[in-house]
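Undergrad: whatever this is, show me its structure:
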Amino acid sequence: MAIEHNPSLPEQQTQRPWSASARLVWQALVSMRLAVHLLLFVAIASIIGTILAQQVSYHQYVAQFGPFWYRVFADLDLYDVYRCGWYIGLVAFLVLSTASCVTRNTPAMLRDMALPKRLISSKFLSSRCEQTQFSLAADALTDSRWEKVLRERGYRTHLLAGPDGKEILFAQKGRFYRFGYIFTHFAIILFCAGALYNANLPLKIREWLGSVRPLSNFSLPLSKIPQKDWLPADDSAFRGIISIPVGQSVNAMFELIGDGFLVQRLPFTARLDHFTITHYRNGIAKSFISKISLYDAHGKLLHTGIAYPNHPLTYDGVSIFQTSYSDGRSMLDFQSHSLLDPGLPANAFAARVGQRLRAGGNNYQLTIEKLKINNTIPRSDLGLPERPNHTMINVGPIARYRVTNRKTGESWVYKSYLRPLQRQGESFLLLAYRRQGIGAEQYLAIPEGPHGGIGLFVHYLGALETAAAQGADASSTVFRQTLEQVSTARGVQLTALERAYFMHSSMVSLRSLHNYPLPFLITLQHLHLRWSAGLEMTKYPGMQIVYGACFLLVGGIFILFYVPRKRLWIRKTGTHQAQISGDSSRNPEDFHQEFLGITEELQS
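TA: As a prediction, this is how the structure comes out:
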């Protein structure tokens, strides 16, 4: 038997593997299992991004997790989950899978929701979940009476041409239930599209290609960063932070990327006009409000508003959140008193946080490290009685500074309390100190005079040293007489009770001075407060898409749960016999009861 040669056979054989592979890929894309797994992975990643703070300083991550786990999480890009490569890949693959499902199934669903022109087959009717037969009266006007009964129950009726040429009454309710599936699938696509839009894919592509590199010098001020390293203001999405002192303006912010940052130019100039903070009775911050003005590139005022926690200021798609507050390089007034020669007048000087000065005859270096405005501690720590619902006390601003001996390199950390403390009728200024990195804090309580300040105590200390040098003994009479001489010389009038309190506090302080390591006292006298507001600025245009997806998802779920499709087919099987078939997309038990009621009503 001869075999006829077919020249197209080799080409068909070479094409079949490709068509089979394409069909396998298509079946995998439209697979429900794949879509569910992708959705699960995206949900897990989103939970991680919600629990773990995103895009904060890497120093905070190191302090929170330690060097090892910080590096593990950094390698997995968990500090910027919503913009990392693997998350964007998951979301993009989920969009592709869901869009393939919608493309494949939507035409069939739309055809299913349309009114049919004729019945498919008798086999189709016999396969419905509900089946029954009933008898007809000889003079029954069946079609019109059946339509009236069904319409009263909310069904829409339609006559179909059956396979045997006889007409069949078709009734349907909830035929648009398929929109529930369509809406929910489109909502998933819109959710993912919004996430991809907010991820600023053009910037991520530039990072992957190496045309954009994060900077790593966090100590570099914004004014020192070259303009070529700034991102353009028309970027599709961004999220960054900036700290603005009161009265100053900025036109850019820092976007944290791993252990580096990018400088994002803003579409406006933001100026912090005013900052207000309120406190609870125990001194804990209650709320803080920033008044912000926005200007264009020519200095024209665009908008003025306020931002406070959970209530951002929004303008032109950019939301400004109030996240924190700090000292904005406030001016601190100090006084230095010599302990080697207490008779010398006090030396007053001013400094800002971060400033370094010389002290103690150029033998010491003074570094102002930190200013903390509100400091809440238990009342029991100061020996004060606790009150009902008031166990804490706000001791006010504290300046922390470090004093280093330039010869030995030994450093001591000090805390000077601005507000004098009251205890059992005594007023004293508190000074805490400890050796750098070693030991616990020690406290020095210096009594204040009736007019405030520690000048009276310092001169009293000097007078006692002079009396001791002249051979006076350490008796209560000498202490009392010396105090009277000093107070008279300084023009300070003390009552007997004030004199007793001051002498008692002075003796305690003199005993504490034996362990004091410096030859001078530095105390905080006044504070010219200047606040700085920590702001987070975000531009997420994809949120409008996400909001639309939320409404679409809610609508789709509502349709799926509360709009089941119910169908009935009624046909005559004989002169006095009829058969009714029905099915429902949901709640078969409820539909069975409804089906029995309809059958009984049709028979009656």
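Undergrad: scan this protein for its longest helix.
TA: Longest helix of the chain, by residue count under DSSP state H: helix 85-113.
Undergrad: pull stretch 218-233 out as CSV, backbone CA atoms only.
TA: Output of stretch 218-233 as CSV, limited to C-alpha atoms (Å, rounded to 0.1, in the frame of the first residue of the first chain):
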residue,chain,number,x,y,z
PHE,A,218,23.3,60.7,56.0
SER,A,219,25.2,63.5,57.7
LEU,A,220,25.2,65.5,54.4
PRO,A,221,22.6,68.4,54.6
LEU,A,222,20.1,68.8,51.9
SER,A,223,21.7,72.0,50.6
LYS,A,224,25.0,70.2,50.1
ILE,A,225,23.6,67.4,47.9
PRO,A,226,24.1,68.1,44.1
GLN,A,227,21.0,68.9,42.1
LYS,A,228,21.9,66.1,39.7
ASP,A,229,21.2,63.5,42.4
TRP,A,230,17.7,64.9,43.0
LEU,A,231,14.7,63.0,41.6
PRO,A,232,12.3,65.0,39.4
ALA,A,233,9.1,66.4,41.0
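Undergrad: may I ask which helix or strand encompasses the nearest residue to S581 once chain neighbours are set aside?
TA: The shortest distance from S581 to any residue other than its chain neighbours is 4.2 Å, reached at R128 (CB to CB, 6 or more residues apart in numbering). C-betas here are computed from N, CA, C, even on glycine. In this assignment (DSSP states H and E), R128 forms part of neither any helix nor any strand.
Undergrad: if we can go back for a sec, moving C-terminal of the longest helix of the chain, what's the next helix or strand?
TA: As assigned by DSSP H and E, the chain's next helix or strand after helix 85-113 is helix 122-126.
Undergrad: buried set for that following helix?
TA: L125 (16 or more other CB atoms under 10 Å).
Undergrad: for the record, mean pLDDT for that helix?
TA: Taken as a whole, helix 122-126 has a mean pLDDT of 84.
Undergrad: try stretch 82-93
TA: Averaging pLDDT along stretch 82-93 gives 88.
Undergrad: circling back to that earlier point, which other helices and strands contact the longest helix of the chain?
TA: Counting contacts by 3 or more CB pairs under 8 Å, 6 or more residues apart in numbering; DSSP states H and E, helix 85-113 packs against helix 9-29, helix 32-51, helix 178-198, helix 201-209.
Undergrad: can you rerun that using 6 Å?
TA: Here helix 85-113 touches helix 32-51, helix 178-198, going by 3 or more CB pairs under 6 Å, 6 or more residues apart in numbering; DSSP states H and E.
Undergrad: I'd like the distance from the shortest one to the chain centre, please.
TA: It refers to helix 32-51. 20 Å (CA atoms, centre = their mean, to the nearest Å).
Undergrad: packing partners of it?
TA: Helix 32-51 sits against helix 85-113, with contacts defined as 3+ CB pairs under 6 Å, 6+ apart.
Undergrad: looking at this structure, which strand is longest?
TA: Counting by DSSP state E, the longest strand found in the chain is strand 260-279.
Undergrad: tell me the phi and psi of the residue nearest to S581?
TA: Dihedral angles of R128 (phi, psi; degrees, to the nearest 10) stand at phi -70, psi 150.
Undergrad: what stretches of the stretch 301-450 of the chain score poorly on pLDDT?
TA: When residues are selected by pLDDT under 70, those of the stretch 301-450 of the chain lie in 381-384, 389.
Undergrad: the closest residue to L444 other than its chain neighbours bridge partners, please.
TA: Excluding the flanking residues, the one nearest L444 by CB to CB, 6+ apart is L431, at 4.4 Å. In this entry, L431 is beta-bridged to S416, L444, by DSSP bridges.
Undergrad: surely L431 meets Y443?
TA: No: the pair L431 / Y443 is not scored as a contact, 7.2 Å apart, by CB atoms under 6 Å.
Undergrad: who's more crowded, the two?
TA: It is L431, of L431 and Y443, that has more neighbours when counted by other CB atoms under 10 Å, with 22 against 12.
Undergrad: roughly how far apart are S512 and A549?
TA: 67 Å (CB to CB, to the nearest Å).
Undergrad: for M109, give me its contacts.
TA: For M109, the contact set (CB atoms under 6 Å, 6 or more residues apart in numbering) comprises R178.
Undergrad: shaky segments in the stretch 1-150 of the chain?
TA: For the stretch 1-150 of the chain, the stretches with pLDDT under 70 are 1-18, 120, 137-142.
Undergrad: could you rerun that using 90?
TA: With pLDDT under 90 as the threshold, the stretch 1-150 of the chain has low-confidence stretches at 1-43, 45-89, 93, 96-127, 133-149.
Undergrad: on that earlier part again, ok, and for the longest helix of the chain, which residues are buried?
TA: Using 16+ other CB under 10 Å as the burial criterion, the residues of helix 85-113 that qualify are 87-88, 90-95, 97-102, 105, 109, 113.
Undergrad: and I545, what are its phi and psi?
TA: phi -70, psi -40.
Undergrad: for the residue nearest to it when sequence neighbours are not counted, the count of nearby residues, please.
TA: Excluding the flanking residues, the one nearest I545 by CB to CB, 6+ apart is G194, at 3.8 Å. Residues lying near G194 (other CB under 10 Å) number 22.
Undergrad: can I assume G194 is in contact with Q544?
TA: No: counting by CB under 6 Å, Q544 is not a contact partner of G194; they are 7.8 Å apart.
Undergrad: need the helices and strands packed on helix 85-113 in CSV (columns: distance to R402).
TA: Shown next, in CSV, are these (distance: least, CB to CB, whole Å):
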stretch, distance to R402
helix 32-51, 37
helix 178-198, 44
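Undergrad: so which of those helices gets nearest R83?
TA: Of all the helices and strands packed on helix 85-113, it is helix 178-198 that lies closest to R83, at 8.3 Å by CB to CB.
Undergrad: quick check: mean pLDDT across that closest one?
TA: Helix 178-198 carries an average pLDDT of 91.
Undergrad: hey, C-alpha coordinates of it in CSV?
TA: Provided in CSV are the C-alpha atoms of helix 178-198 (Å, rounded to 0.1, in the frame of the first residue of the first chain):
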residue,chain,number,x,y,z
ARG,A,178,-22.5,36.4,37.0
PHE,A,179,-21.6,40.1,37.5
GLY,A,180,-20.5,39.1,41.0
TYR,A,181,-17.7,37.0,39.5
ILE,A,182,-16.8,39.6,36.9
PHE,A,183,-16.7,42.5,39.5
THR,A,184,-14.6,40.6,42.0
HIS,A,185,-12.1,39.5,39.3
PHE,A,186,-11.9,43.0,37.9
ALA,A,187,-11.5,44.4,41.5
ILE,A,188,-8.4,42.1,41.9
ILE,A,189,-6.9,43.4,38.7
LEU,A,190,-7.6,47.0,39.8
PHE,A,191,-6.0,46.4,43.2
CYS,A,192,-2.9,45.1,41.6
ALA,A,193,-2.8,47.9,39.0
GLY,A,194,-3.0,50.4,41.8
ALA,A,195,-0.2,48.7,43.7
LEU,A,196,2.0,48.7,40.6
TYR,A,197,1.3,52.3,39.9
ASN,A,198,2.2,53.3,43.5
